[in-house]
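[1] Here's a sequence, model it:
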Amino acid sequence: MQRMKCIIAYDGTDFSGYQVQPNARTVQGELERVLQRIHKGEAIRVAASGRTDAGVHAKGQVIHFDSPLQIPGENWVKALNALLPDDIHVLHAEPVAKDFHACFNSKRKEYRYRILQTPERDLFRRHYAYHVPVPLNVEAMREAAKHLIGKHDFTSFCASGTSVLDKVRTIYQLDVEPEADELVIRVIGNGFLYQMVRIITGTLIEVGKGKRKPSDVIDLLEAKDRTKVPETAPPQGLYLWRVDYEEAHEISIKP
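    Prediction:
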């Protein structure tokens with residue numbers, strides 16, 4: 001058996017998320033359907049670096065699977081892309097060690113969230129950015145973001161009902177940057193809780209609107225109470241941008 005690691009991109013608009021679900025179209029379901037076809041009916045299970053919700057996109061999701069076929073990486077790319085639907089694309093494939101795991105071996109992930117800052121909505125970007133028509137105070141958002149950088153208990157920024165008990169995570173970078181008529185929130189961390197990036201984004205948007213002070217984020221962290229942070233940005237602006245598997249020596253936690 002050969003273990004293959006692939007980097008894939010997908011448009012999450014028409015998927016019910018990444019993970020296989022009964023009677024629903026999912027990214028994992030499409031990948032496993034194509035792999036089963038390549039393997040002439042043999043079921044091949046795919047593991048990913050993490051799940052994404054319905055409507056969430058990926059530029060650099062990482063998956064792995066085991067195959068008895070000895071196919072070079074570039075040929076896997078061609079074979080998979082020839083059979084996958086247009087909203088999933090394999091960017092890279094390579095053989096890896098048998099103990100590699102796309103989820104458990106990841107060291108850090110980068111997500112980006114796009115906020116459209118035009119007075120009128122853009123019909124053609126409605127699935128790829130969250131439209132906030134009022135101008136946001138970028139400096140206030142940046143000030144609030146500073147309080148989230150570092151190692152914290154992010155219970156207040158995790159969707160309720162999650163089965164994860166340890167809610168301590170480390171954020172290495174959290175930037176708010178204008179990009180043409182959009183604001184891009186870029187967050188890099190060692191891992192993320194369910195809907196954590198969307199809840200952080202929703203909170204920063206509230207700060208940008210002047211509905212919260214930047215220093216309120218300190219109290220929200222200390223509260224460790226999800227009910228204190230009701231804001232959750234919608235899924236369409238969120239992208240899983242990159243997953244890294246080496247130690248992050250070049251990334252230091254900002255003060």
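[2] Now name the helix or strand holding the residue sitting furthest away from the middle of the chain.
    In the chain, the residue that sits farthest from the middle, by CA atoms, centre = their mean, is K40; the gap is 32.2 Å. For K40, there is no enclosing helix or strand under DSSP states H and E.
[3] Distance of it relative to N23?
    Per CB to CB, to the nearest Å, K40 is found 26 Å from N23. To be clear about C-beta, it is placed using only N, CA and C from the backbone, and glycine gets the same treatment.
[4] ok, R25 - contacts?
    14-16 (CB atoms under 8 Å, 6 or more residues apart in numbering).
[5] so which of those comes closest to Q70?
    Closest to Q70 out of those is F15 (30.9 Å), distances taken as CB to CB.
[6] ok, the closest one touching L31?
    No - F15 is not in contact with L31 according to CB atoms under 8 Å; the separation is 11.2 Å.
[7] Quick one: low-confidence residue ranges for the stretch 101-250 of the chain.
    Residue ranges of the stretch 101-250 of the chain with pLDDT under 70: 247-250.
[8] Try it again at 50.
    Along the stretch 101-250 of the chain, the parts satisfying pLDDT under 50 run over 248-250.
[9] can you give me the helices in it?
    With DSSP state H, counting those that start in this stretch as the criterion, the stretch 101-250 of the chain has helices at 138-146, 196-208, 216-223.
[10] out of those helices, nearest to H89?
    Nearest to H89, of the helices of the stretch 101-250 of the chain and by CB to CB, is helix 196-208 at 22.5 Å.
[11] Specify the angle between the closest one and helix 216-223 in degrees.
    140 degrees (axes from the mean of the first three to the mean of the last three CA atoms, to 10 degrees).
[12] What is helix 196-208 packed up against?
    The elements that helix 196-208 packs onto, with contact taken as 3 or more CB pairs under 8 Å, 6 or more residues apart in numbering; DSSP states H and E, are strand 108-116, helix 138-146, strand 168-179, strand 182-189, helix 216-223, strand 238-244.
[13] strands paired with the last one, and their directions?
    What it means is strand 238-244. Strand 238-244 pairs in its sheet with strand 57-67 (parallel), strand 108-116 (antiparallel), by DSSP bridges.
[14] Pull the residues that contact that strand.
    Residues outside strand 238-244 that contact it (CB under 8 Å, 6+ apart): 49-50, 52, 56-62, 102, 106-114, 186, 197-198, 201.
[15] What's the PyMOL line that selects buried ones from the residues you listed?
    Only the buried entries of the contacts of strand 238-244 go into this PyMOL selection, using 16 or more other CB atoms under 10 Å:
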select buried, resi 49+50+52+56+57+58+59+60+61+62+102+106+108+109+110+111+112+113+114+186+197+198+201
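[16] now, which of the contacts of R25 sits nearest L174?
    Of all the contacts of R25, L174 sits closest to F15, with 26.9 Å by CB to CB.
[17] ok, the closest one - contacts?
    By CB under 8 Å, 6+ apart, the neighbours of F15 are 25-27, 54-55, 87.
[18] so can I have TSV of these showing secondary structure, pLDDT and distance to E246?
    Output for these, formatted as TSV (DSSP: H, G, I helix; E, B strand; the rest coil; pLDDT from 0 to 100; distance: CB to CB, whole Å):
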residue	secondary structure	pLDDT	distance to E246
R25	coil	97	34
T26	coil	98	29
V27	helix	98	25
A54	coil	97	31
G55	coil	98	30
D87	coil	98	30
